[in-house]
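Enquirer: coordinates only, sequence not included:
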Ligand code: NI
């Protein structure tokens, strides 16, 4: 396994629609090794998720694993999830807002509205159908990661860019306010 370099804001690959992965391609040694490397890279960078375009591969592959970390101390714990060729089938009209960051937008945080619940169909890393119905924080992280497969970044989803902050200024000015409000979706 290997830790892969991460594409940063400005790399054109972050703005392209990634290609779907074919069944034979998914089972190929190179693709399975890429998924292993993405998982290792995500964990090494303290990320909650990572999408293939972020490691310079324009394919519809994302990995997620929620766990509290230095970057996200309040994150819940989830199992490791690999999502291939996802398609949303339903999204709630109810929105929740949360502070997001991104390994491709180093040192930045912003308040982003996301659907509170969604369902999606995809494949797992063995090519088996995956049907997910998720809510809350996992739904938020999924929307963030799957956006990467469609060339979108969290800054595109912000309703108001005035909250866009560097990490240090987020800690200083926004994080205490957020915690005083209970950290709850608003
Ligand atoms: Ni990201």
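Expert: It's in. Keep in mind that what you see is a predicted model, and the values were worked out from it rather than measured.

Enquirer: switch to C-alpha atoms for all contacts and neighbour counts from now on
Expert: Will do.

Enquirer: so what's residue 96 bridging to?
Expert: Assessed by DSSP bridges, residue 96 has beta-bridge partners residue 114.

Enquirer: right, and it touches residue 114 too?
Expert: Yes. Counting by CA atoms under 8 Å, residue 96 does reach residue 114; the two are 5.4 Å apart.

Enquirer: of these two, who's got more company?
Expert: Counted by other CA atoms under 10 Å, residue 96 and residue 114 do not tie: residue 114 has more neighbours, with 25 against 18.

Enquirer: let me know the pLDDT of that one.
Expert: On pLDDT, residue 114 comes in at 96.

Enquirer: residue contacts, it?
Expert: 95, 96, 97, 98, 140, 143 (CA atoms under 8 Å, 6 or more residues apart in numbering).

Enquirer: how about residue 39?
Expert: Per CA under 8 Å, 6+ apart, neighbours of residue 39: 50, 63.

Enquirer: now the helix or strand that contains it, how far from the centre of its chain.
Expert: Here residue 39 sits within helix 29-44, counting by DSSP states H and E. The chain centroid and the centroid of helix 29-44 are separated by 15 Å under CA atoms, centre = their mean, to the nearest Å.

Enquirer: that older thread, among the contacts of residue 114, which one lies nearest to residue 60?
Expert: residue 143 (13.4 Å; CA to CA).

Enquirer: what is the burial count for that closest one?
Expert: With other CA under 10 Å as criterion, residue 143 counts 16.

Enquirer: circling back: of the contacts of residue 114, closest to residue 34?
Expert: Using CA to CA, the contacts of residue 114 come closest to residue 34 at residue 143, 21.5 Å.

Enquirer: the helix or strand hosting that closest one packs against which elements?
Expert: According to DSSP H and E, residue 143 maps onto helix 136-149. The helices and strands touching helix 136-149, judged by 3 or more CA pairs under 8 Å, 6 or more residues apart in numbering; DSSP states H and E, are strand 49-51, strand 61-64, strand 105-115, strand 117-123.

Enquirer: thinking again about what came up before, pLDDT and distance to residue 40 added to the contacts of residue 114, as JSON lines?
Expert: Converted to JSON lines, those look like this (pLDDT from 0 to 100; distance: CA to CA, whole Å):
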{"residue": "95", "pLDDT": "96", "distance to residue 40": "32"}
{"residue": "96", "pLDDT": "94", "distance to residue 40": "30"}
{"residue": "97", "pLDDT": "92", "distance to residue 40": "29"}
{"residue": "98", "pLDDT": "91", "distance to residue 40": "26"}
{"residue": "140", "pLDDT": "94", "distance to residue 40": "22"}
{"residue": "143", "pLDDT": "97", "distance to residue 40": "21"}
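
Enquirer: quick check: closest non-adjacent residue to the spatially most central residue of the chain.
Expert: Centroid-nearest residue in the chain: residue 145, 2.7 Å away (criterion: CA atoms, centre = their mean). For residue 145, ignoring the flanking residues on the chain, the nearest one in space by CA to CA, 6 or more residues apart in numbering is residue 51 at 5.9 Å.

Enquirer: no more questions from me, cheers.
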